[in-house]
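Engineer: make a model of this:
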Amino acid sequence: MKQIVHIHGGSPFDSYERYLSALRNDPLTYESLFHKTKWRDWLAVTMTDFDVLVPNMPNKQNARYSEWKIYFEKILPFLGNNVQLIGSSLGAIFLAKYLHENPLSIPVNRLILIAAPYNDATHEDLGDFILPSATGLEKSAKEIHLFHSKDDTVVPFTELAKFQSDLPSAKSHIFVDRGHFQQPTFPELKELLEK
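Structural biologist: The predicted structure follows:
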């Protein structure tokens, strides 16, 4: 069985007060209330030769690393021997931190980190997701791929260099016009997953 597991993003805060402040002060637009097709949904529909698992991680609006760790560890027993792990945004830093602290006993085929923050909280808190190091991820994945866009306004492009320093064997996929990868399709990712 070929499996793809995608861990989505979220918003951590270093205190409950900061979370409440964001709820009160972050602008809400009418357009943001419409349903938007996301590339993870598109992958699940179009990649019919794979089991595409898209778990909803706990409390994504006020995410806590310890809660995500508990839930992720419930997913691990379902994984076979042909797995590709994808983390986007907060999901990427989660996977990096988790695998740094808890190397997998059987490496996955691919680990793909998309728009991954490392430790720069310029645009938002990273709470307890801050990554002390991404070294050692090679123990948990046969291949590591890093996707980042130079025009990302959520996670600074400078974060990519920190991952590249820790993971010299990782392959980087650099874009100039994808922002935070919030598009409805992601053909470059699909092509990589199908290899």
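Engineer: which residues sit against the helix or strand where W68 lies?
Structural biologist: In the assignment (DSSP states H and E), W68 maps to helix 65-75. Helix 65-75 is contacted by residues 5, 7, 12, 53, 55, 57-59, 94, 97-98, 127-129 when judged by Cβ atoms under 8 Å, 6 or more residues apart in numbering. (Each C-beta comes from the backbone N, C-alpha and C, glycine too.)
Engineer: would CSV of those residues with neighbour count and pLDDT be doable?
Structural biologist: What follows is the contacts of helix 65-75, written out as CSV (neighbours: other Cβ atoms under 10 Å; pLDDT from 0 to 100):
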residue, neighbour count, pLDDT
V5, 22, 97
I7, 26, 97
P12, 26, 92
L53, 17, 97
P55, 16, 97
M57, 18, 97
P58, 15, 96
N59, 15, 94
F94, 26, 97
K97, 22, 97
Y98, 23, 98
G127, 20, 85
D128, 16, 89
F129, 23, 92
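Engineer: sort out for me which of those are in helices.
Structural biologist: Of the positions in those, 94, 97-98 sit in helices, assigned by DSSP state H.
Engineer: now, which of those residues sits nearest T37?
Structural biologist: Ranked by distance to T37 (Cβ to Cβ), the ones in helices among the contacts of helix 65-75 are led by F94 at 23.5 Å.
Engineer: if I look at the closest residue to the closest one other than its chain neighbours, what pLDDT would I see?
Structural biologist: In space, and not counting its chain neighbours, F94 is closest to W68: 5.4 Å by Cβ to Cβ, 6 or more residues apart in numbering. Looking at W68, its pLDDT is 98.
Engineer: use 570 as the first number from now on
Structural biologist: Yes, from this point I'll number from 570; that puts the last item at W637.
Engineer: list of residues touching stretch 728-746?
Structural biologist: Contacts for stretch 728-746 (Cβ under 8 Å, 6+ apart): 665, 682, 685-689, 702-704, 706-707, 712-720, 757, 761.
Engineer: can you check stretch 584-596 too?
Structural biologist: Taking Cβ under 8 Å, 6+ apart as the rule, stretch 584-596 contacts 580, 582, 630-631, 694.
Engineer: buried residues in it, which are they?
Structural biologist: Buried residues in stretch 584-596, counted by 16 or more other Cβ atoms under 10 Å: Y588.
Engineer: now do the buried residues in stretch 601-614.
Structural biologist: Applying a neighbour-count criterion of 16+ other Cβ under 10 Å, one finds 607-613 buried in stretch 601-614.
Engineer: with distance to L736 as extra columns, can I get the residues you listed in CSV?
Structural biologist: Putting the buried residues of stretch 601-614 into CSV (distance: Cβ to Cβ, whole Å) gives the following:
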residue, distance to L736
K607, 26
W608, 23
R609, 23
D610, 28
W611, 27
L612, 23
A613, 27
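Engineer: who's in contact with the nearest residue to K666 once chain neighbours are set aside?
Structural biologist: Nearest non-adjacent residue to K666, counting by Cβ to Cβ, 6+ apart: L700, 5.1 Å away. Contacts for L700 (Cβ under 8 Å, 6+ apart) come out as 662, 665-666, 669, 686-688.
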